[in-house]
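**Student:** Mind looking at a prediction? Sequence and model below.
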Amino acid sequence: MKKIFIVLLFSVISLFAQYTKKDFILVKTTSIREFKKGIIDSYLQSGSKEKVIAGLLSVSHSEDTSFVNEITKLNFDSYGEDICFALGQIGYSYNSQKYLFNKLIKGKSGTYNYNLFENLGKIADETISNEVLEKFSKNSSWDRNGISIFIFNLSARKISFDKNIVKQILFSELKNKKQERRLDALYVLARLGGSKEAEDIIFNIFKSKDKVNSGKLKAFALTCFARLRYFPDNKFLTQHVITHPDWRVRIEGTKAMSYADFNTKLKISNYFKFSTDKNENVLRQFAISLRNCKTDKFLLPFLNNLVEKCLLNSKFNPVAKGELFISYCTLNPSMIMSSIKKFENSIRFEYILEALRNKAVDKEEAFEYIKNKLGKEEKETLNIAPTLLSFQSGLVNNTEYKNIIMGLLRSEFASVSSTIADGLDSIFVKSKLQDIKAAVTAQIQKYLNSNPHFEMLTSMYSLSEKIDKDFNKAVSAILSESKMYSIKQFLKGKSGEKKSNSKDFYNIEELWKNSFTYTKAVVETEKGEFVIKLMPEYAPISVGNFISLVKRNFYNGVVFHRVVPDFVAQTGDSSGTGFGGPGYDIVSEFSPLPFNSGFVGMASAGRDTEGSQWYVMHNNALHLNGKYTIFGEVIKGFNIISLINQGDKIIKVRLLK
């Protein structure tokens, strides 16, 4: 793992530190979102390399294009990466686009090509975007390092481009001698939906004996197949995937192979070899992917028999067993209620609830089954809410059902109220219009200044949009009285207003005192421990906040409430719902750091809404770059990350100097 990080990081991370413990004034003006020009200009004009880089990192959060003139005066040879990042992050301006475009086209050394491509992709208009693609497709000798992420960023912004030119470029990148380039191209190709034409190239990846990044390459290659909903009928590939030592390859293998043609018992049996995998993430993903399988009706009993053996196996992992039960119900929709009665004593209730969301289920019968199971605890109520919402079309005339839904909309639990507000359809809204208006108004007024209810408040706003313009206007007026910075920013985004709001950051001095006091954190979990290297030079407030919470024993006993195999393992919510936090929010601290395997990021409900939740990356995820905070990197025990399952607990966290 260390070799992988070294190879990837040298190409994208400055050798100079960003913030230092001497930069409180700069970090404060950045974190309270004032961005005082006198302070920032003193850094940009200092002549000190460390200070200039810190100033550019501050500017990158400002969303203020008036800084462009000052930025573009800086020496590109000295500050190229940081200039690119700042211009890409603050948003479009004609001068920014022109500057990055000219540097890219006229560049000779190619030292900062990756940064130019990545950040031009964030702001380029359609004309410039297509000009870049055309020029670099015609001039194969030009340095294309970074062109894959350029294409990805254009796609994410829904910029139109010639798909044939893009395909030609990506296929060329897939043959590049540098594995980092092939890795980026595979990732982007997968995110764009894959390509049947790349099958031969992908086969060559599996036949390659390269060691560095080989697991990642093969994982993304399999993702390309999964996006196509296709898996070739090839014995070598099948065996290679099932037995591959990298758990991420096997995870992506369960996804891709679920789309194979299961026309024989042997092929089904081969796929079921994943059911004995010792890695719980592989096992869980196999259980999830099984619902994609298509087989002849004469082979379905054989498939069912294999599933039932797992469901009746008391030693089978309970999380994977729950997912397997949902897959079993998906494959046998006419048997869902009978299957629930057969297995309900061995399957966790949350998975039974998900199975009941299947369209084949009789809504009245399902409602009768779960209506008396509503409890007083937040988590169990939250689990039931999505299932109840799935019954709307079938129970539109059921008064008891509608009263329960309205009660949940008025819930004191932000997670429950938010989920209901987000899930109500237009027919239900119309049938209870006045009651819903009253509930929305009451919830907003009650929790107007409550940070833990931010997501609920924004959900209520979205529900008001479904009702009518006048009511939405009234809701906006109430929300505008909120003292919460995050709500002010939310309304600003809705109105398209450019004016910046300052943040009332009551505990910034406390967090800053912690920022550079510890270098590492040892996270002890039920599966073992791993070590995080903290990165205050990129995210001092996030690091200070994490340290502050560790000192309070906040994370002791907290579960990993969200684990997405081959993506992230997320924790930090003491409620275990995904909606909880410390009772306050901090700020986003974006940086040029890439979201690669092992990096530790802050979860959020939107810009500047971070609190206590954090996650560790299983694999590279280019789509997160520049959009979430990275505050650390797992430097020891990454194998433990691969074993952590949803529901596993943190025992305690220790800080090291």
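**Tutor:** Yep, that arrived. Remember, it's a predicted structure, so these values are computed and weren't measured experimentally.

**Student:** what about residue 472, distance to residue 479?
**Tutor:** 10 Å (Cβ to Cβ, to the nearest Å). (Glycine included, C-beta is placed from N, CA and C.)

**Student:** Between the two, which contacts overlap?
**Tutor:** Common neighbours of residue 472 and residue 479, counting by Cβ atoms under 8 Å, 6 or more residues apart in numbering, are residue 461.

**Student:** More neighbours: these two, which one.
**Tutor:** Each of residue 472 and residue 479 has its neighbours counted (other Cβ atoms under 10 Å); residue 479 has more, 21 against 17.

**Student:** where does the stretch 151-300 of the chain have low pLDDT?
**Tutor:** For the stretch 151-300 of the chain, the stretches flagged by pLDDT under 70 are 210-213.

**Student:** ok, now with 90
**Tutor:** Scanning the stretch 151-300 of the chain for pLDDT under 90 picks out the ranges 175, 177-179, 194-215.

**Student:** Tell me where it has helices.
**Tutor:** Along the stretch 151-300 of the chain, the stretches classed as helices by DSSP state H, counting those that start in this stretch are 163-174, 179-191, 199-207, 214-228, 235-243, 247-257, 265-271, 280-289, 300-311.

**Student:** Ok, which of those comes nearest residue 443?
**Tutor:** Proximity to residue 443 (Cβ to Cβ) singles out helix 280-289 among the helices of the stretch 151-300 of the chain, at 34.1 Å.

**Student:** by contact count, what packs against that closest one?
**Tutor:** Here helix 280-289 touches helix 247-257, helix 318-331, going by 3 or more Cβ pairs under 8 Å, 6 or more residues apart in numbering; DSSP states H and E.

**Student:** residues in contact with that helix?
**Tutor:** The contact list for helix 280-289, computed with Cβ under 8 Å, 6+ apart, reads 247, 250-251, 254-255, 257-258, 274-275, 277, 317, 319-324, 326-327, 563, 565-566, 618, 642-646.

**Student:** Now with 6 Å, please.
**Tutor:** By Cβ atoms under 6 Å, 6 or more residues apart in numbering, the list of residues contacting helix 280-289 from outside reads 247, 250-251, 254-255, 258, 274, 277, 317, 319-320, 323-324, 565, 645.

**Student:** tell me the two of these that are most distant?
**Tutor:** By the measure Cβ to Cβ, 258 and 645 form the most distant pair in the contacts of helix 280-289, at 20.2 Å.

**Student:** Between these two, which has more neighbouring residues?
**Tutor:** For residue 258 versus residue 645, neighbours defined as other Cβ under 10 Å are more numerous around residue 258 (23 against 20).

**Student:** so the more buried one makes contact with residue 295?
**Tutor:** No: assessed by Cβ atoms under 6 Å, residue 258 is found out of contact with residue 295, at 11.0 Å.

**Student:** which stretches of the chain form strands?
**Tutor:** Along the chain, counting by DSSP state E, strands occupy 520-525, 528-534, 562-564, 568-571, 599-602, 614-617, 630-636, 650-656.

**Student:** Output those strands in JSON lines, with mean pLDDT, distance to residue 179 and mean neighbour count appended to each entry.
**Tutor:** Compiled in JSON lines, those are given as follows (pLDDT from 0 to 100; distance: least, Cβ to Cβ, whole Å; neighbours: other Cβ atoms under 10 Å):
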{"stretch": "strand 520-525", "mean pLDDT": "98", "distance to residue 179": "29", "mean neighbour count": "19"}
{"stretch": "strand 528-534", "mean pLDDT": "98", "distance to residue 179": "24", "mean neighbour count": "20"}
{"stretch": "strand 562-564", "mean pLDDT": "97", "distance to residue 179": "25", "mean neighbour count": "19"}
{"stretch": "strand 568-571", "mean pLDDT": "98", "distance to residue 179": "23", "mean neighbour count": "24"}
{"stretch": "strand 599-602", "mean pLDDT": "98", "distance to residue 179": "19", "mean neighbour count": "26"}
{"stretch": "strand 614-617", "mean pLDDT": "98", "distance to residue 179": "18", "mean neighbour count": "24"}
{"stretch": "strand 630-636", "mean pLDDT": "98", "distance to residue 179": "20", "mean neighbour count": "21"}
{"stretch": "strand 650-656", "mean pLDDT": "98", "distance to residue 179": "33", "mean neighbour count": "16"}
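
**Student:** Residue 182: which of the ones you listed is closest?
**Tutor:** strand 614-617 (19.4 Å).

**Student:** For the closest one, which outside residues touch it?
**Tutor:** Contact with strand 614-617 is made by 568-570, 572, 595, 597, 599-603, 634, 641, as judged by Cβ under 6 Å, 6+ apart.

**Student:** about what we covered before: most tightly packed of the helices and strands packed on helix 280-289?
**Tutor:** helix 247-257 (a mean of 27; mean count of other Cβ atoms under 10 Å).

**Student:** Can you check what angle separates it from helix 179-191?
**Tutor:** Helix 247-257 runs at 30 degrees relative to helix 179-191, counting by axes from the mean of the first three to the mean of the last three Cα atoms, to 10 degrees.

**Student:** ok so, going back, which of the contacts of helix 280-289 lies closest to residue 399?
**Tutor:** residue 323 (34.9 Å).

**Student:** Can you give me the neighbour number for the nearest residue to the closest one once chain neighbours are set aside?
**Tutor:** Of all residues not flanking residue 323 in the chain, residue 287 sits nearest, at 3.7 Å (Cβ to Cβ, 6 or more residues apart in numbering). Residue 287 has 27 neighbouring residues, counting by other Cβ under 10 Å.
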